[in-house]
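Participant: I would like the atomic coordinates for the input below:
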Amino acid sequence: MTQTEACVRAQILVSGHVQGVGYRAFARRMAASRGVTGGVKNLDSGQVALDAEGPRDVLEKLLADLKKGPVGARVSHMQTEWSLATGRHHDFTIWY
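Facilitator: Predicted coordinates for the structure are as follows:
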């Protein structure tokens, strides 16, 4: 992966029935399988927040995975903010 391929960050906010259904573990598996770094956490609002870094095309594929979610999840809305990658993550983790 070249420097330019790796310099994208997506801050993603997922709404719907996404807590209590294994959504964070699903997001971690999907991100790790694609080589994306960052993390995922539940919010008090009932939403799930992700901070993901990697090539834009890979992150677009991750977004498609996240829209589907695991069995039992119902994603009603996703908001994504794009920026330059920070390079501070080395893997993809679940944040508590």
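
Participant: give me the residue at the spatial middle of the protein.
Facilitator: L50 (4.3 Å; Cα atoms, centre = their mean).

Participant: so it: helix, strand or coil?
Facilitator: Put simply, L50 is strand when judged by DSSP: H, G, I helix; E, B strand; the rest coil.

Participant: so what's it closest to, chain neighbours aside?
Facilitator: I12 (4.2 Å; Cβ to Cβ, 6 or more residues apart in numbering). C-beta coordinates here come from the backbone N, C-alpha and C atoms, glycine included.

Participant: check for me that that neighbour belongs to a helix.
Facilitator: No. Going by three-state DSSP, the assignment for I12 is strand, not a helix.

Participant: check contacts around it.
Facilitator: A49, L50, D51, A52, L63, L66, M78, Q79, T80 (Cβ atoms under 8 Å, 6 or more residues apart in numbering).

Participant: got a quick ChimeraX command for the buried subset of the residues you listed?
Facilitator: Under the burial definition 16 or more other Cβ atoms under 10 Å, those of these that qualify are selected in ChimeraX by:
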select :49,50,51,52,63,66,78
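
Participant: of the contacts of I12, just say which sits nearest to G16.
Facilitator: M78 (8.8 Å; Cβ to Cβ).

Participant: list the contacts of the closest residue to that closest one other than its chain neighbours.
Facilitator: The shortest distance from M78 to any non-neighbouring residue, by Cβ to Cβ, 6+ apart, is to V14 (5.4 Å). Residues near V14 by Cβ under 8 Å, 6+ apart: Y23, Q47, V48, A49, L50, L66, G69, V75, H77, M78.
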